[in-house]
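Chemist: I need the structure of the sequence given here:
(one chain, ligands or ions: 2)
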Amino acid sequence: MIEDHWALERRAFANTPDPEFIYRSPSFAEGYARLLHDATDLRGGLSLITGEIGCGKTMLARALADRLAGSTCDLIEVPYPKVTPTQMLQTVAGGLGIQPPPRGKLALVQAIAARLAERHAEGRRPVLIVDEAQLATPSLLEEIRLLTNHEARQDKYLHVVLLGQPELRQRVKQRPQIDQRVSLRFHVEPMEAEDVRGYVEHRLRVAGWKGKTIFTHDAFTALAARSEGIPRRINTLVTQALFVGAMRQLTAIDGELMFDVADDQE
Ligand SMILES: Nc1ncnc2c1ncn2[C@@H]1O[C@H](COP(=O)(O)OP(=O)(O)OP(=O)(O)O)[C@@H](O)[C@H]1O
Ligand SMILES: [Mg+2]
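Modeler: Ligands and ions are numbered 1, 2, ... in the order given. Just a heads-up that it's a prediction; the model follows:
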């Protein structure tokens, strides 16, 4: 219904981290450039990316993963770190092509160390991405720290990217051994009010929108205020507004409708 009424080819505001829809706001572009540099050029050891819920951390990780695909940086992802240290090491071993991964922890650690050294000698530069890292237990964080210890004289064998909600920063701060290994700290901020319009129109264009105005200036002002610049909230509000607008056969969405939709969400 939304797509037919507004002449879109597909869903424009799904709450999934689909890299095709990435909007490079100034803050996103800076985070991405710094993360890419830390993970690939500097190989500093550990990038720590934090941000409030729904601000775009996973999207940033997807952008990095997309960029690394086909490069010398093999990507290993731990999407949900509610796993034991041994289970995580098995994921890492699998990601490094150790098949089948040994069962016991010590054997795993040894196999990973050997494979990391081999990979390094072959010019491969693996990157481990741990999303939702605020959920990691202290023992898992410790195991991740140990993984950053594998290094040659000049270079880390494995670069780690931790992404998580703001409390991750405190959790890392409480552990100086990890904290001192952090080579990049970046906090993903909500979008500035002036980026909200760019974000919405970008996603519409990716979905096939050809440029007939949908949202009035006041609609964007209302959207920026009520979403507080948080992309996931923007997606939800815009989807609701597009739906109501389609139901009522409107030709545009104004500020009043946007405020109504936001009120309904609360
Ligand atoms: N730069 C962006 N460009 C396009 N869409 C984005 C961008 N940032 C976020 N989004 C959209 O917002 C949604 C929420 O973002 P994301 O999942 O990355 O947030 P998060 O910070 O990982 O949240 P959580 O703390 O809940 O894990 C994404 O599914 C995506 O649709
Ligand atoms: Mg996320």
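
Chemist: Now do the same contact list for whichever residue of the stretch 51-200 of the chain sits closest to ligand 1.
Modeler: Proximity of the stretch 51-200 of the chain to ligand 1 (Cβ to the nearest ligand atom) peaks at residue 56, 2.9 Å away. Placement of C-beta: from N, CA and C, glycine included. By Cβ atoms under 8 Å, 6 or more residues apart in numbering, the residues touching residue 56 are 28, 188, 231.

Chemist: How about the contacts made by the last one?
Modeler: Yep, that's residue 231 we're talking about. Shown in contact with residue 231 (Cβ under 8 Å, 6+ apart): 54-56, 59, 191, 199.

Chemist: and if we set it to 7 Å?
Modeler: Applying Cβ atoms under 7 Å, 6 or more residues apart in numbering to residue 231 gives the contacts 54-56, 191, 199.

Chemist: And the residue of this protein closest to ligand 2?
Modeler: The nearest approach of the chain to ligand 2 comes at residue 58, 3.2 Å away (Cβ to the ion).

Chemist: you'd agree that residue is in a helix?
Modeler: Yes: judged by DSSP: H, G, I helix; E, B strand; the rest coil, residue 58 forms part of a helix.

Chemist: What are the boundaries of the helices in the stretch 101-250 of the chain?
Modeler: 105-121, 138-147, 167-173, 176-179, 193-206, 217-227, 231-247 (DSSP state H, counting those that start in this stretch).

Chemist: before we move on, back to that, please produce CSV containing the contacts of residue 231, extended by distance to ligand 2.
Modeler: Listed next are those as CSV, based on distance: Cβ to the ion, whole Å:
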residue, distance to ligand 2
54, 8
55, 9
56, 8
191, 16
199, 17
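
Chemist: Need phi/psi at residue 52.
Modeler: With angles defined as degrees, to the nearest 10, residue 52 sits at phi -60, psi 160.

Chemist: do the same with the one 4 residues further on
Modeler: Backbone torsions for residue 56, taken as degrees, to the nearest 10, come to phi 120, psi 20.

Chemist: Also residue 83?
Modeler: phi -130, psi 160.

Chemist: Equivalent analysis for the one 5 residues further on, please.
Modeler: Backbone torsions for residue 88, taken as degrees, to the nearest 10, come to phi -60, psi -40.

Chemist: Apart from its neighbours in sequence, what residue is nearest the residue nearest the centre of the chain?
Modeler: The chain has residue 58 as the residue nearest its centroid, 1.9 Å off, counting by Cα atoms, centre = their mean. In this structure, residue 58 finds its nearest non-sequential neighbour in residue 17, 4.6 Å apart by Cβ to Cβ, 6 or more residues apart in numbering.

Chemist: so that neighbour, which of the three states?
Modeler: Per three-state DSSP, residue 17 ends up coil.

Chemist: going forward, begin numbering at 255 instead of 1
Modeler: Got it, first residue is 255 now, which makes that one residue 271.

Chemist: Show me what from the stretch 305-454 of the chain comes close to ligand 2.
Modeler: 311-312 (Cβ under 5 Å from the ion).

Chemist: Show me which residues of the stretch 305-454 of the chain sit near ligand 1.
Modeler: Counting by Cβ under 6 Å from any ligand atom, the residues of the stretch 305-454 of the chain close to ligand 1 are 305, 307-313, 419.

Chemist: Write the ChimeraX selection for whichever of those are buried.
Modeler: To isolate in ChimeraX the members of those that are buried, counting by 16 or more other Cβ atoms under 10 Å, one can use:
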select :305,308,309,310,311,312,313,419
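
Chemist: can you redo the residues of the stretch 305-454 of the chain next to ligand 1 as JSON lines with pLDDT?
Modeler: Shown next, in JSON lines, are those (pLDDT from 0 to 100):
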{"residue": "305", "pLDDT": "97"}
{"residue": "307", "pLDDT": "97"}
{"residue": "308", "pLDDT": "97"}
{"residue": "309", "pLDDT": "96"}
{"residue": "310", "pLDDT": "96"}
{"residue": "311", "pLDDT": "97"}
{"residue": "312", "pLDDT": "96"}
{"residue": "313", "pLDDT": "97"}
{"residue": "419", "pLDDT": "97"}
